[in-house]
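> structure, please.
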Amino acid sequence: MSDQRSEQDQMQAAAVENSAAGRGGLSQAELDALVASSDTGGRGNSGTLAIFISVVAVAWSLFQLWIASPLPFMAGFGVFNSTEARSIHLGFAIFLAFLVFPAARTKVQLSLGIAVPLILGGLFFVSAKDGTSTWWIPLISLAVAAAVILGSPKERIPLWEWAMAVLAACAALYIWIYYSSISGRVGAPITQDFVVAVIGIILLLEATRRALGPALMIVASVFLIYTVLGPYMPDLISHKGNNLSEIVNHQWITTQGVFGIALGVSTSFVFLFVLFGSLLDRAGAGNYFIQVAFSLMGHMKGGPAKAAVVSSAMTGLISGSSIANVVTTGTFTIPLMKKVGFSAEKAGAVEVASSVNGQIMPPVMGAAAFLMVEYVGIPYFDVVKHAFLPAVISYIALVYIVHLEALKAGMEGLPRAYTPKPIVQRLIGIAFTIAAICAISFAVYYGMGWIRPAFPETAAYIIFVFLTAVYVGLLYISSREKPLELDDPNAPVTALPLPGPTVRSGLHFILPVVVLVWALMVDRLSPGLSAFWATAYMVFILVTQRPLTALMRRQGQLHAAIHQGFKDLLDGLETGARNMIGIGIATATAGIIVGAVSQTGVGSALADVVEVLSGGNILAILMLTAVLSLILGMGLPTTANYIVVSALLAPVIVTLGQQNGLIVPLIAVHLFVFYFGIMADVTPPVGLASFAAAAVSGGDPIRTGVVAFFYSLRTAALPFLFIFNTELLLIDVTMTQGIFVFIVATIAMLLFAAATQGWFLAKNKFYETIALLLIAFTLFRPGFWMDMVSAPFTEEQPTEIAAAALATPVGEDLRLRVAGMNDLGDPIEFVAILPIEDGATGEERLENAGLVFREDGSSLFIDDVSYGSPAQAAGLDWDQEVLRVLRPVSQPSKYLMFIPALLLLALVVFLQRSRSSGVSRNSAKA
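The predicted model follows:
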């Protein structure tokens with residue numbers, strides 16, 4: 001989930017890529033340095049400084065485990081409310097940021113590091129109300145600018161950097177230390193509040209520049225400048241302006257700004273999931289996932305590339321960082337892809353496309369997914385449910401793209417070390433395995449359901465004993481196999497590993513994931529508590545797996561195994577905390593932007609700007625949102641990108657959709673923004689994941705990014721599709737419908753991939769590409785064509801609304817286009833979806849839905865709306881005028897449009913098979 005990027009990182013990526021060109025890749029030390037510079041910080045990896053940083057990082061992880069556990073409430077001490085926890089969380093993050101990320105020495109970074117504190121210092125100085133002492137503000141600004149000018153070496157931390165780290169941490173901890181006092185003077189800050197807030201904001205932006213690059217620092221600074229200079233802005237976005245007292249109160253002293261929802265989610269949810277992934281990786285799960293994927297798929301056409309896709313999807317469980325995923329799996333997969341015929345750029349692009357998608361793969365998605373829980377107001381279970389289908393379809397399509405590339409180049413897979421069984425025997429084995437898994441799942445599900453009511457007091461202990469017994473059994477199976485070692489990808493490949501022994505060698509790694517999924521999906525615990533129990537069990541496994549394996553293998557050296565287990569635990573705790581530095585800083589800084597939006601009301605002004613630019617067209621606003629996400633993503637980490645764009649444009653999309661008669665669920669809009677946020681990791685010229693892959697492959701980073709972008713077009717198409725067809729998000733569908741939607745959408749996405757790659761059964765003619773795109777669109781959204789053939793609504797006169805309500809079946813929706821005023825008193829028009837309630841007459845049905853009307857000549861006005869009624873939920877209010885009434889009418893099934901689509905597909909298949917057969921015959925004659 002560490003999705004940081006900066007100009008320095010990009011320059012370093014380019015430098016190491018250039019050094020790799022001509023020799024096919026980087027050394028492991030160089031790759032480790034690349035990951036450290038972008039994810040965990042490049043300073044403090046040796047000596048006394050490393051020990052101190054490790055202690056602080058481990059302390060942060062232990063603090064997060066403590067506040068997530070039930071122990072504080074059981075012990076009666078160490079209980080922190082959410083605001084205090086956010087304060088301590090940011091204190092750790094900002095302190096470590098100054099320690100592990102040295103000040104950049106590039107001209108642009110240096111200039112910004114000097115200019116921003118001076119500009120903000122001047123801004124804060126002039127924005128103070130009369131009577132407020134501000135002589136100290138220029139001194140603070142000059143001190144920070146001077147520290148940036150002095151810079152810092154990578155090997156040590158100078159005194160002024162220690163001073164900034166301590167001051168920044170104290171400013172962050174201020175709310176926790178003085179919580180009681182601050183609570184009594186909200187809205188009336190004192191001089192001490194002013195000093196702490198100014199120091200905190202300026203140093204937070206400097207920490208942002210170091211850890212995440214200049215882009216987020218610039219955006220946050222622009223919003224702060226806009227907050228003060230509102231009266232001098234163009235009329236469309238002008239506001240009264242805010243003084244220093246209001247900024248301090250809103251941005252630092254309360255939870256409206258820096259310590260807002262975003263930092264709260266980072267504190268409560270994200271840290272534990274990052275820590276869980278770090279511990280799982282430290283236990284050896286990352287290597288296990290890669291080896292399993294290769295053993296199962298390496299023999300297929302383009303097998304290493306297909307294995308790269310699958311292993312990256314599984315690695316997404318333990319790493320939401322694009323660059324870390326690329327380097328973790330890419331060091332093994334990219335050289336093997338090149339061996340079977342992929343060019344350096346295509347090998348890197350496959351790894352980039354699959355690694356970046358790791359952030360959209362449930363159950364552990366990127367950090368932005370946890371923010372959706374708060375912003376959309378739905379449980380994390382629902383976020384996972386809505387995101388699951390598009391993520392799986394996207395990965396299946398990428399496997400197919402790899403297959404098409406292999407077909408184009410006539411590639412073969414890697415040799416197997418065994419003779420495969422007959423296909424019938426393999427199918428029987430697969431069926432038996434699936435049946436066994438289903439039987440075990442049912443037994444566990446109903447067994448848990450019996451244990452809890454039967455043993456309410458001791459159920460947790462019984463479940464732990466049961467899990468431990470399963471763990472010991474799986475570990476015993478693992479101990480019978482040869483330990484997995486990450487092979488040298490540059491060595492000659494004589495044969496693939498055997499699937500059976502490879503799978504059996506790490507089955508116990510699945511247990512913590514099962515605990516996590518069970519807690520999230522079955523017990524419906526909060527994301528934070530679910531991650532805590534999964535992490536706690538992961539700690540148990542990490543400490544015990546080496547000693548138990550040594551005992552089972554009768555290797556002796558039990559003391560050394562125990563020592564190594566605890567060392568792995570400490571390493572995992574440290575890595576998890578270092579991976580969280582950037583996310584903690586990003587969410588805090590993004591809070592400045594969100595706070596400025598709420599304080600100035602720029603969101604509503606921006607809605608007017610966007611509506612003018614888009615002409616009120618929902619597709620145009622979606623395109624603008626996608627482009628803005630890609631542009632911001634060139635400098636902002638995915639999490640900050642999501643926070644900014646969703647705060648600014650998500651409400652606009654929902655509002656404009658409603659005005660156009662398209663009811664867009666809020667979760668669909670937020671997933672739309674999330675998808676395009678992660679696309680920025682791919683898109684040239686700045687996509688850092690592409691630079692990382694090029695560094696491994698020795699290819700050109702820009703060409704790698706371009707190819708990866710075309711491979712990722714399927715990910716860019718999905719958001720547009722699920723905005724207009726929410727069935728893809730499993731909204732209001734049954735299980736049977738969900739299975740049907742999955743099958744049809746998968747076929748459609750495969751056809752879309754075939755069209756964009758220019759190859760289906762043979763090389764596409766241009767008209768075949770057009771036909772495949774039309775077929776894919778029809779399968780995704782058959783209702784588009786059916787609405788043209790048979791309108792789904794008939795228009796009635798507004799005064800005939802009672803008759804329309806009577807003619808509408810109970811439970812169906814009546815659509816009303818109404819005119820009224822928004823919250824700011826501006827005139828608006830929108831479409832309201834009114835569910836029709838039961839009633840003997842049309843008037844009675846409308847009254848049961850909460851509406852009373854009055855007629856004024858030929859016009860119809862809403863006279864009253866019942867509180868808590870369906871009408872109020874639809875956005876209707878008194879004195880609104882009803883302009884149009886759309887009554888639903890019976891319509892042929894939209895799935896009838898599949899018939900012409902499938903006929904057209906049959907024609908394309910016929911044409912391509914004829915062409916490919918002719919080529920085969922000519923080749924045979926030759």
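> contacts only, for the nearest residue to residue 620 once chain neighbours are set aside.
Nearest residue to residue 620, sequence neighbours excluded (Cβ to Cβ, 6 or more residues apart in numbering): residue 614, at 3.7 Å. In this view, the C-beta of every residue, glycine as well, is placed from N, C-alpha and C. Neighbouring residues of residue 614 by Cβ atoms under 8 Å, 6 or more residues apart in numbering: 620-621, 624, 656.
> filter those residues down to the buried ones.
Buried members of the contacts of residue 614, counted by 16 or more other Cβ atoms under 10 Å: 621, 624, 656.
> let me know the pLDDT of the spatially closest residue to residue 385 that is not a sequence neighbour.
Take residue 385 and drop its neighbours on the chain: the residue closest to it by Cβ to Cβ, 6+ apart is residue 730, 5.6 Å away. Note on residue 730: pLDDT of 87.
> now residue 730. Its backbone dihedrals?
Here is the backbone geometry of residue 730 (degrees, to the nearest 10): phi 60, psi 40.
> please work out the average pLDDT along stretch 312-327.
Averaging pLDDT along stretch 312-327 gives 66.
> right, I mislabeled it, should have said stretch 136-154
With pLDDT averaged residue by residue, stretch 136-154 scores 85.
> for stretch 368-387, same thing?
The model assigns stretch 368-387 a mean pLDDT of 82.
> and that stretch, how far out from the chain's middle?
Averaging C-alpha positions (Cα atoms, centre = their mean, to the nearest Å) puts stretch 368-387 10 Å from its chain's average.
> quick one: end-to-end distance for that stretch.
Stretch 368-387 stretches 12 Å from its first residue to its last (Cα to Cα, to the nearest Å).
> quick one on the thing from earlier: can I get the buried ones among the contacts of residue 614 in CSV with secondary structure?
CSV is the format used below for these (DSSP: H, G, I helix; E, B strand; the rest coil):
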residue, secondary structure
621, helix
624, helix
656, helix
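> what is the mean pLDDT for stretch 622-630?
80.
> what does that stretch contact?
610, 613-614, 641, 645, 649, 653, 672-673, 676-677, 679-680, 683, 716, 719-720, 723.
> list the buried residues of that stretch.
By neighbour count on 16+ other Cβ under 10 Å, the buried set for stretch 622-630 is 622, 624-626, 628-630.
> any weak-confidence spans in the stretch 751-900 of the chain?
In the predicted model of the stretch 751-900 of the chain, residues 823-824 satisfy pLDDT under 70.
> re earlier: between the buried ones among the contacts of residue 614, which is nearest residue 701?
Among the buried ones among the contacts of residue 614, residue 624 lies closest to residue 701 (Cβ to Cβ), at 28.1 Å.
> kindly provide the distance from that closest one to residue 726.
Relative to residue 726, residue 624 is positioned 21 Å away (Cβ to Cβ, to the nearest Å).
> please apply the same query to residue 820.
Computed as Cβ to Cβ, the residue 820 to residue 726 distance reads 26 Å.
> same question, residue 263
According to Cβ to Cβ, residue 263 and residue 726 sit 31 Å apart.
> which one of those two has more residues nearby?
For residue 263 versus residue 726, the count of surrounding residues by other Cβ atoms under 10 Å is larger for residue 263: 31 against 18.
> got a pLDDT number for the residue nearest to residue 620?
73.
> and for residue 603?
68.
> likewise for residue 24?
46.
> with the one 5 residues further on instead?
Reported pLDDT at residue 29 in the predicted model: 55.
> ok, which stretches of the protein are strands?
For the chain, applying DSSP state E gives strands covering 793-796, 813-821, 827-835, 851-856, 859-865, 881-888.
> would you list these in a markdown table and tack on mean neighbour count and distance to residue 550?
Compiled in a markdown table, the strands of the chain are given as follows (neighbours: other Cβ atoms under 10 Å; distance: least, Cβ to Cβ, whole Å):
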| stretch | mean neighbour count | distance to residue 550 |
| --- | --- | --- |
| strand 793-796 | 15 | 71 |
| strand 813-821 | 19 | 65 |
| strand 827-835 | 18 | 64 |
| strand 851-856 | 15 | 73 |
| strand 859-865 | 17 | 71 |
| strand 881-888 | 18 | 69 |
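> of the ones you listed, which is nearest residue 762?
strand 793-796 (43.8 Å).
> partners of that closest one in the sheet?
Strand pairing for strand 793-796, using DSSP bridges, gives strand 881-888 (antiparallel).
> now do the contacts for residue 665.
Contact analysis of residue 665 by Cβ under 8 Å, 6+ apart lists 726, 729, 731.
> test my guess that residue 57 contacts residue 571.
No - here residue 57 does not reach residue 571: they are 10.2 Å apart, not a contact under Cβ atoms under 8 Å.
> neighbour count winner among these two?
The neighbour comparison of residue 57 against residue 571 (other Cβ under 10 Å) goes to residue 57, with 26 against 16.
> nearest residue to that one other than its sequence neighbours?
Per Cβ to Cβ, 6+ apart, closest to residue 57 is residue 577, 3.7 Å.
> and the pLDDT for the one you found?
Taking residue 577 on its own, its pLDDT is 91.
> hang on, it packs against residue 96?
Yes - using Cβ under 8 Å, residue 577 is in contact with residue 96, at 7.2 Å.
> shared neighbours, these two?
56-57, 60.
> which of those residues lies closest to residue 761?
Checking the shared contacts of residue 577 and residue 96 against residue 761 by Cβ to Cβ gives residue 57 as the nearest, at 53.8 Å.
> and the closest residue in space to residue 807 that isn't next to it in sequence, bridged to which residues?
Nearest non-adjacent residue to residue 807, counting by Cβ to Cβ, 6+ apart: residue 887, 6.1 Å away. On the basis of DSSP bridges, residue 887 is bridged to residue 794.
> okay, and which of the buried residues of stretch 622-630 map to helices?
622, 624-626, 628-630 (DSSP state H).
> want to throw the residues you listed into a markdown table with distance to residue 898?
Conversion of these to a markdown table gives the following (distance: Cβ to Cβ, whole Å):
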| residue | distance to residue 898 |
| --- | --- |
| 622 | 26 |
| 624 | 32 |
| 625 | 30 |
| 626 | 28 |
| 628 | 35 |
| 629 | 33 |
| 630 | 33 |
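> quick check, residue 61 in contact with residue 573.
Yes - using Cβ under 8 Å, residue 61 is in contact with residue 573, at 4.0 Å.
> find the residues that touch each one of those two.
By Cβ under 8 Å, 6+ apart, the residues touching both residue 61 and residue 573 are residue 275.
> where does pLDDT dip in the stretch 201-350 of the chain?
For the stretch 201-350 of the chain, applying pLDDT under 70 flags the ranges 316-325, 328.
> pull the number of nearby residues for residue 895.
Using other Cβ under 10 Å: residue 895 sits among 13 other residues.
> oh, I was asking about residue 432
10.
> would you state the predicted confidence (pLDDT) at it?
At residue 432, the pLDDT recorded in the model is 78.
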